[in-house]
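Peer 1: Provide a 3D model corresponding to the input given below.
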Amino acid sequence: MAILSIIIPVYNSSVWLERCVDSVEQQDLQPSDYEVILVNDGSTDNSLYVAQDLSNKYSNIKIVDKENGGLSSARNAGIDVAMGKYLMFVDSDDYIEPNCLNGLVQVCEGNNLDLCQFHLTLKYSDGRTTKSCFPEEELNKIYSGKDLLKSIGAIGSACSIIYRSNVLTQYQLRFYEGVTHEDAEFTTRLFCHVDRAMKVNYTVYYYVIHADSMSHSRSYQAMDKNLCDSAIVAAIGKKYAKEHVEDKDTTDIICRIENNGIGGTMINLLRMHDYPKSIVKHFIATAQANDVYPLRGPFLNRKMKIASYLLNCKPLFLLLYYLRRREND
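Peer 2: Next comes the predicted model:
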């Protein structure tokens, strides 16, 4: 049995795929000790051919070829065929540090971890780098999943974690397909079932930010989907906690997180006021349809509790948004 499965979703990434795969193959593990699963998610470029060439180059590559279903669907397809005791995700336009995997596996094995979380290094197109590090006092300690939920900042990229595979199998955890914010949604559910976790100060993952990422994300359709999906994801989290989590304290924490998430999004809309009014109305309607607006239940802090009284008055919120936007039209 492989000690580790590395799942790489591939969609029209032929330009970057070789760099990504070379990085996961330049490791201090024997090829027989881990597998690299390339999930071709219906690419329309020559990504599949690049993947096949790489499988001829490296003996531990497994290729899954499927119809396009999006990032979550591709990750789920990789999970379904993974054989490793642990698994991790690497996006095909990103890459990892050479000779970093053995140390991560040893940390997991030596501490009997369900998950081990490491920081990301952001790589910008102009050559700048930014490393997101955990505070020193949080490193190398054993946490429960509830502890991670309480810390809030632990919920982030699915690519910043190495997972014990049987946790995903036991609780049938898969990425929710068809929505953005899938990483936060997935890790929120995951943390409900984690007994032993650790944060480490390891340089592992390089998250590449492309020059066209910002302009693409500002398209009308992308803006609308990103905003509305935040309401859908909040609803998924609340529903999962209610139906699958017996510990009331954990359920309460998730409710607070999701309430603050929706409230924070609404406050940011008032601050930024750069979304078309129709998108803001659609977001509110989506939140109402998914029963996460008006905001009900506990909050993470008193400020958000107080702000909720204003935010829950839909006509007043929309009026304030329209006025703020008019100032800048």
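Peer 1: Which strands and helices lie in contact with the top strand by length along the chain?
Peer 2: The residue-count maximum for a strand in the chain (DSSP state E) belongs to strand 197-209. Using 3 or more Cβ pairs under 8 Å, 6 or more residues apart in numbering; DSSP states H and E, the elements in contact with strand 197-209 are strand 95-96, helix 101-111, strand 115-124, helix 145-151. Where C-beta positions appear, they are placed from N, C-alpha and C, glycine not excepted.
Peer 1: Check the contact between Cys133 and Asn201; I expect there is one.
Peer 2: Yes - the criterion here is Cβ atoms under 8 Å, and Cys133 meets it with Asn201 at 6.6 Å.
Peer 1: For the two, list the residues in contact with both.
Peer 2: His119 (Cβ atoms under 8 Å, 6 or more residues apart in numbering).
Peer 1: what mean pLDDT would you report for the longest strand of the chain?
Peer 2: The average pLDDT for strand 197-209 rounds to 95.
Peer 1: Okay, angle between that strand and helix 101-111 too, please.
Peer 2: Using axes from the mean of the first three to the mean of the last three Cα atoms, to 10 degrees, the direction of strand 197-209 lies 160 degrees away from that of helix 101-111.
Peer 1: what's the angle from strand 197-209 to strand 115-124?
Peer 2: 20 degrees.
Peer 1: Please identify the buried residues of strand 197-209?
Peer 2: Within strand 197-209, the residues scored as buried using 16 or more other Cβ atoms under 10 Å are 197-200, 202, 204-208.
Peer 1: Please apply the same query to stretch 13-31.
Peer 2: 13-14, 16-18, 20-21, 23-25, 27, 29.
Peer 1: Restrict it to CA atoms and write it as CSV.
Peer 2: C-alpha atoms of stretch 13-31 as CSV (Å, rounded to 0.1, in the frame of the first residue of the first chain):
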residue,chain,number,x,y,z
SER,A,13,-3.1,23.1,-18.0
SER,A,14,-0.7,21.6,-20.5
VAL,A,15,1.6,24.7,-20.1
TRP,A,16,2.1,24.1,-16.4
LEU,A,17,1.5,20.4,-15.9
GLU,A,18,5.1,19.2,-16.5
ARG,A,19,6.4,21.7,-13.9
CYS,A,20,3.8,20.5,-11.4
VAL,A,21,4.4,16.8,-11.9
ASP,A,22,8.2,17.2,-11.9
SER,A,23,8.0,18.9,-8.5
VAL,A,24,6.0,16.1,-6.9
GLU,A,25,8.4,13.5,-8.4
GLN,A,26,11.5,15.3,-7.0
GLN,A,27,10.9,14.0,-3.5
ASP,A,28,12.6,12.2,-0.7
LEU,A,29,10.2,9.2,-1.0
GLN,A,30,10.7,6.2,-3.2
PRO,A,31,8.4,6.2,-6.2
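Peer 1: ok, residues contacting it?
Peer 2: For stretch 13-31, contacts defined as Cβ under 8 Å, 6+ apart pick out 3-4, 6, 8, 10, 34, 36, 38, 43, 45-47, 49-51, 54, 58-61, 90-103, 105, 208.
Peer 1: same question, stretch 263-279
Peer 2: Contacts of stretch 263-279 (Cβ under 8 Å, 6+ apart): 220, 223-224, 227, 230, 280, 283, 295, 299, 304, 307-308, 311, 317-318, 320-322, 324-325, 327-328.
Peer 1: Quick check: nearest residue in space to Lys314, chain neighbours excluded?
Peer 2: Nearest non-adjacent residue to Lys314, counting by Cβ to Cβ, 6 or more residues apart in numbering: Ile284, 6.3 Å away.
Peer 1: Could you count how many residues lie near Asn260?
Peer 2: Counted with other Cβ atoms under 10 Å, residues neighbouring Asn260 total 23.
Peer 1: can you start the count at 19 instead of 1 from here on
Peer 2: Okay, residue one is now 19; in that scheme the one you just asked about reads as Asn278.
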